[in-house]
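**Student:** make a model of this:
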Amino acid sequence: MPNTNNAVLACVDGSIYTDSVCAHAGWASRRLDAPVQLLHTQLAHSDYAAPRDLSGAIGLGEKSALLEKLTQVDEARGKLDQQKGKLILDHAKEQVIDAGVVQVETLHRRGALVESISELEDSAQLIVLGKRGEHADFATLHLGSNLERVVRAAHKPVLVAARAFKAINRFVIAYDGGPSTRKALAYAVTHPLLRGLECHLLRVGADSEENRTLLANATTELAQNGFTVKTHLQQGHTEEVIAAYVKAQAMDLLIMGAYGHSRIRTLIIGSTTSAMLRSCPIPVLMFR
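**Tutor:** Modelled structure (predicted):
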């Protein structure tokens, strides 16, 4: 059994993002010198069981026979899901090993993904998952149903994989000086994940003394830890400025704080985090 302390925990579901999740997990594993845990969750029996509130219009004997048949269907579906999960994990393990990872563990759990991650994240230093899941609706840019829940619940950084993996050579921190982006800055200088990569700092806001000082202090901290930093201060709508910068500067990775406002406020005015995840074509590393 591999030593999975401080592992990279990669969530795979058989969707079109699975290979990309494996590639991103492999990249992170090599840079962090960490093992990989591959997690696949399947619905608990009660989550996909057929409704049990049958009409009283049928006789008791017929109802009992139908209940028995439905139970058999549920059991058969559970076995098929188990087999499907094994195939997904076996494929993912091959992908991660091909990416150069030596220590790989597969975990097959029943129940909700968020609960499984909560149980496992104490032994993980990074969580990797895809932007959308197995039943994604690409036409509506719908985010994976688990993604927001995981990011809101996780206490570790979450790396959201792009649809396809490409080499990561430069990254940009969307920096606002708040607690979550301070965590991102601290992570950059204390972990090897980003070491040696081209570093950009982007602040969206007015060209004020406060914002210039904010960027200067963050730049100094990064420079003292070996980074060469390019800074940029620009006014505008946060999502639009970040998206334009990512495209113009050909960034490979966006780093930002996640869901800094309450759920109620998000429902009213939307969320920069969700907007960036929907529109950003590159992986996003998030801190909460």
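
**Student:** close enough to count as contact, Ile88 and Cys11?
**Tutor:** No: the criterion here is CB atoms under 8 Å, and Ile88 misses it with Cys11 at 10.8 Å. Where you see a C-beta, it was placed from the backbone N, CA and C, and this is true even at glycine.

**Student:** the two - which one has more neighbours?
**Tutor:** Cys11 (30 against 21; other CB atoms under 10 Å).

**Student:** any residues in contact with both of Ile88 and Cys11?
**Tutor:** Both Ile88 and Cys11 are contacted by His40, under the criterion CB atoms under 8 Å, 6 or more residues apart in numbering.

**Student:** so what pLDDT did Ala258 get?
**Tutor:** With respect to pLDDT, Ala258 scores 82.

**Student:** phi first, then psi, for it.
**Tutor:** phi -120, psi 130 (degrees, to the nearest 10).

**Student:** show me what contacts it?
**Tutor:** Val151, Arg152, Val158, Ser180, Thr273, Met286, Phe287, Arg288.

**Student:** name the element the fourth one belongs to?
**Tutor:** Looking back up the chat, that one is Ser180. helix 179-190 (DSSP states H and E).

**Student:** which strands and helices lie in contact with the helix or strand following that helix?
**Tutor:** Going down the chain from helix 179-190, the next helix or strand is strand 198-204, by DSSP H and E. Judged by 3 or more CB pairs under 8 Å, 6 or more residues apart in numbering; DSSP states H and E, strand 198-204 is in contact with strand 170-174, helix 209-223, strand 229-234, helix 238-248.

**Student:** so which of the contacts of Ala258 sit within strands?
**Tutor:** Per DSSP state E, strands hold the following members of the contacts of Ala258: Val158, Met286, Phe287.

**Student:** who's Met286 bridged to?
**Tutor:** Val158, Met256 (DSSP bridges).

**Student:** ok, it touching Met256?
**Tutor:** Yes: contact criterion CB under 8 Å: Met286 and Met256 qualify, at 6.1 Å.

**Student:** okay, and the common contacts of these two?
**Tutor:** Each of Thr273 lies in contact with both Met286 and Met256 under the rule CB under 8 Å, 6+ apart.

**Student:** just the CA atoms of stretch 120-130, as CSV, please.
**Tutor:** The C-alpha trace of stretch 120-130 is given here as CSV (Å, rounded to 0.1, in the frame of the first residue of the first chain):
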residue,chain,number,x,y,z
LEU,A,120,-10.2,11.9,2.8
GLU,A,121,-8.9,15.4,2.6
ASP,A,122,-7.0,15.2,5.9
SER,A,123,-4.4,13.0,4.1
ALA,A,124,-4.5,15.1,0.9
GLN,A,125,-2.7,18.3,0.1
LEU,A,126,-4.5,19.0,-3.2
ILE,A,127,-7.8,18.0,-4.7
VAL,A,128,-8.2,17.7,-8.5
LEU,A,129,-11.5,17.4,-10.3
GLY,A,130,-13.1,18.3,-13.6
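
**Student:** please consider this matter closed, and thank you.
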